[in-house]
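*Asks:* No sequence on hand, only this structure:
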DNA sequence: GAATTATATTCCTATATAGGAATATGTCAA
DNA sequence: TTGACATATTCCTATATAGGAATATAATTC
């Protein structure tokens, strides 16, 4: 069995660094495809393909205006990832606290 | 070109749902491989392979004790994902606020 | 309707999987 | 040293890519 499809969920879609770049670029306002191509310096077909993946998993929305397609990040779709990773937060906090404690203990050995 | 390797970074490693299950299971305390096998109901070789991927990207640590290998989630390695997704938080907040406004506006049409 | 602009799709290929089965390695205990 | 237990590795296969090149579709303007 190969890996799960990139379009199977947001986790898989977001594993590709270029797609993360696109999401960051499209987060504050909608942009036509050409803006993405120009700003991220990627071949146009490549951008179109990445956008298709992002669209399929709901990470972006589109709107057509004349011959331009305006894409925009759907931040809501990123939320589940933030929440899943957030379940580990208290643990890295604890780890950091422990590291700090040890550092201070060895600084003042008495 | 195929997709980036699962071991290329935490984003790729975490795209696989079984690996996420393993990370959640190992977060509060270290566990021998057999515990993972028993609890998550997966074939032992499969678990070993997933652990190898997680280990390579630093998402887990290991310690050997006799014939057992104790694995534990390294929460710190998940932090970058939480931070990246966190950059979108204000946008989904805004989206929600807008949705709410509209809902209230249509509730009281005057 | 022909040319132009904007975007999407198709075809190609090399490659890295995940899972299953079988087997190997490593450690302890009698 | 033999056997039992715990974990890791190897071999196999089907499949889904990402990127490049070429082309298709769609909308606009002249």
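*Replies:* Structure's in. What do you need? All figures in this text were calculated on a predicted structure; none of them were measured in a lab.
*Asks:* Check the spacing between the closest residue to residue A:8 other than its chain neighbours and residue A:23 real quick.
*Replies:* The shortest distance from residue A:8 to any non-neighbouring residue, by Cβ to Cβ, 6 or more residues apart in numbering or on different chains, is to residue A:57 (7.8 Å). Any C-beta I mention is one placed from the backbone N, CA and C, and that applies to glycine too. Residue A:57 is 11 Å from residue A:23, where distance means Cβ to Cβ, to the nearest Å.
*Asks:* Over to residue A:36?
*Replies:* 11 Å.
*Asks:* Mind checking which of these two has more residues around it?
*Replies:* residue A:23 (26 against 23; other Cβ atoms under 10 Å in any protein chain shown).
*Asks:* List the residues that contact the residue nearest the centre of chain A.
*Replies:* By Cα atoms, centre = their mean, chain A has its centre lying nearest to residue A:20, at 4.2 Å. Contacts for residue A:20 (Cβ atoms under 8 Å, 6 or more residues apart in numbering or on different chains) come out as A:14, B:11, B:84.
*Asks:* hang on, the last one is in a helix, isn't it?
*Replies:* So the one you mean is residue B:84. Yes: under DSSP: H, G, I helix; E, B strand; the rest coil, residue B:84 falls within a helix.
*Asks:* how near is it to DNA strand C?
*Replies:* Here the distance between residue B:84 and DNA strand C works out to 20 Å (Cβ to the nearest atom of the strand, to the nearest Å).
*Asks:* Tell me, how many residues neighbour that residue?
*Replies:* 19.
*Asks:* can you check the second one too?
*Replies:* With neighbours defined by other Cβ under 10 Å, the count for residue B:11 comes to 21.
*Asks:* Helix, strand, or coil at the closest residue to it other than its chain neighbours?
*Replies:* Leaving aside its sequence neighbours, residue B:11 sits nearest to residue A:15 (Cβ to Cβ, 6+ apart; 4.8 Å). Using three-state DSSP, the structure places residue A:15 in coil.
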